[in-house]
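K.L.:
Quick check, what structure comes out for this input:
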Amino acid sequence: MNSDLDGIELAKEINLLSQSSIIFTTSYSDKSTLERIKDVRFEEYILKPVDERRLFVAIELVMSKSSSKIQEALISQSRNSCPFDTTEDVFVKGNTKFFDRIPSDNIIYVKAELGGINIVTIDKTQFTYTSLSNFISYYNNPDILRIHRSYAVNKYVSGIYLFKLNTGEVRRLLKE
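P.N.:
Numbering: from 1, shown residues only. Next up is the predicted model:
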């Protein structure tokens, strides 16, 4: 690649070579720059000075989209070549660069939070950057029922649980 390329030209070259996600951080917002960028595939265009939280959210959203693409690829594979049943599991980005597998039958409830959702399971709570609506429609699991604009529950949770929705505490009271 030519080292004299500006960011827009470099992004065009990257678009030709791969499906990489691009986030622009720039101080340019003039008409000519905006016209030039229309030919580029990118995820975000953030003006400087960059707000750290906005950049973090943009990166997480790009990573979430990437995880959705990975999930779609796993689902589209035949079951014989896939080592786990993707229709019964939820995959979310964990605290590392890897994805956490959450069996659907371990989910107790899902709660919408500012900027994402908390998936509450029998043994942990996992936060991920997506909306509750996207989660429900993407996983399309008939066992996960939306009961409120901010909550969805698993209709086949075994046992009786005490939910303190204001604190997020979940305590198992009885086993079936």
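K.L.:
center of the chain, which residue is that?
P.N.:
The residue lying closest to the centre of the chain (CA atoms, centre = their mean) is Ser64, at 3.1 Å.
K.L.:
which residues touch the nearest residue to that residue once chain neighbours are set aside?
P.N.:
Using CB to CB, 6 or more residues apart in numbering and skipping the chain neighbours, the partner closest in space to Ser64 is Tyr129 (4.8 Å). Every residue, glycine included, has its C-beta placed from N, CA and C. Taking CB atoms under 8 Å, 6 or more residues apart in numbering, we find Tyr129 in contact with Val57, Glu60, Leu61, Met63, Ser64, Lys93, Gly115, Gly116.
K.L.:
So among these, where is pLDDT lowest?
P.N.:
Within the contacts of Tyr129, Lys93 has the lowest pLDDT, namely 68.
K.L.:
The contacts of Tyr129 in helices, which ones?
P.N.:
Judged by DSSP state H, the contacts of Tyr129 include Val57, Glu60, Leu61, Met63, Ser64 as members of helices.
K.L.:
Put together TSV for these, with distance to Leu34 on each row.
P.N.:
Below are the ones in helices among the contacts of Tyr129 laid out as TSV (distance: CB to CB, whole Å):
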residue	distance to Leu34
Val57	22
Glu60	25
Leu61	21
Met63	26
Ser64	26
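K.L.:
Buried only: go through those for me.
P.N.:
Glu60, Leu61, Ser64 (16 or more other CB atoms under 10 Å).
K.L.:
gap between the first one and Lys111?
P.N.:
Between Glu60 and Lys111 the computed distance is 18 Å (CB to CB, to the nearest Å).
K.L.:
same deal with the last one?
P.N.:
Relative to Lys111, Ser64 is positioned 17 Å away (criterion: CB to CB).
K.L.:
do the same with Lys31
P.N.:
For Lys31 relative to Lys111 (CB to CB), the value is 44 Å.
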